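Chemist: Give the three-dimensional model of this entry:
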Amino acid sequence: VIVVWVGTNNHENSAEEVAGGIEAIVRLINTQQPQAKVIVLGLLPRGEKPNPLRQKNAKVNHLLKASLPKLPNVQLLDVDAGFVHSDGTISYHDMFDFLHLTGGGYAKICKPLHELIMQLLEETPEEKRAALA
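Modeler: Numbers count the residues shown, from 1 in each chain. The predicted structure is shown next:
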């Protein structure tokens, strides 16, 4: 299992360019490691209050939701739920500088990521038969 979590620092690029770059990384992984299962983590919201970079990250995620299912062995894990409160703000308890995660912020991401990794590592009956052959 390969986890890819990139893109939020590419703020000078358009959402289409960032999503395209992430897709290119996944395609390269598929070429170099065709047996690998790939998890792409969605971009997190950023900034204490709503702002253009947060909107762009959301657009990148939207583009990835449309394009990644077309690629083999890849899943998009959207981990931004719960970071933005009903008033549109992000808590410093989750992101101390409204970009980088705190321990509590990482915990919100790591639990679903861990569960997905464990699910992907479980061999299917077909994989077990192929491994024994």
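Chemist: Could you give the backbone dihedrals for the residue nearest the centre of the chain?
Modeler: Centroid-nearest residue in the chain: residue 41, 0.8 Å away (criterion: Cα atoms, centre = their mean). Here is the backbone geometry of residue 41 (degrees, to the nearest 10): phi -80, psi 130.
Chemist: Could you verify my assumption that it touches residue 3?
Modeler: Yes - if you go by Cβ atoms under 8 Å, residue 41 and residue 3 touch, sitting 6.6 Å apart. In this view, the C-beta of every residue, glycine as well, is placed from N, C-alpha and C.
Chemist: any common contacting residues for the two?
Modeler: residue 113 (Cβ atoms under 8 Å, 6 or more residues apart in numbering).
Chemist: returning to what we had before: burial measure for the closest residue to the residue nearest to the centre of the chain other than its chain neighbours, as a count.
Modeler: Nearest residue to residue 41, sequence neighbours excluded (Cβ to Cβ, 6 or more residues apart in numbering): residue 5, at 4.0 Å. Applying other Cβ atoms under 10 Å, we find 16 residues neighbouring residue 5.
Chemist: now could you export just the CA positions of stretch 87-98 as PDB?
Modeler: C-alpha atoms of stretch 87-98 as PDB (Å, rounded to 0.1, in the frame of the first residue of the first chain):
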ATOM      1  CA  ASP A  87     -19.100  29.100  11.400                       C
ATOM      2  CA  GLY A  88     -16.500  28.400   8.700                       C
ATOM      3  CA  THR A  89     -13.500  28.500  11.000                       C
ATOM      4  CA  ILE A  90     -10.800  25.900  11.700                       C
ATOM      5  CA  SER A  91      -9.700  25.400  15.300                       C
ATOM      6  CA  TYR A  92      -6.100  25.800  16.400                       C
ATOM      7  CA  HIS A  93      -6.700  22.600  18.400                       C
ATOM      8  CA  ASP A  94      -6.700  20.800  15.000                       C
ATOM      9  CA  MET A  95      -4.200  23.000  13.100                       C
ATOM     10  CA  PHE A  96      -2.000  25.100  15.300                       C
ATOM     11  CA  ASP A  97      -1.300  27.600  12.500                       C
ATOM     12  CA  PHE A  98      -4.400  26.700  10.500                       C
END
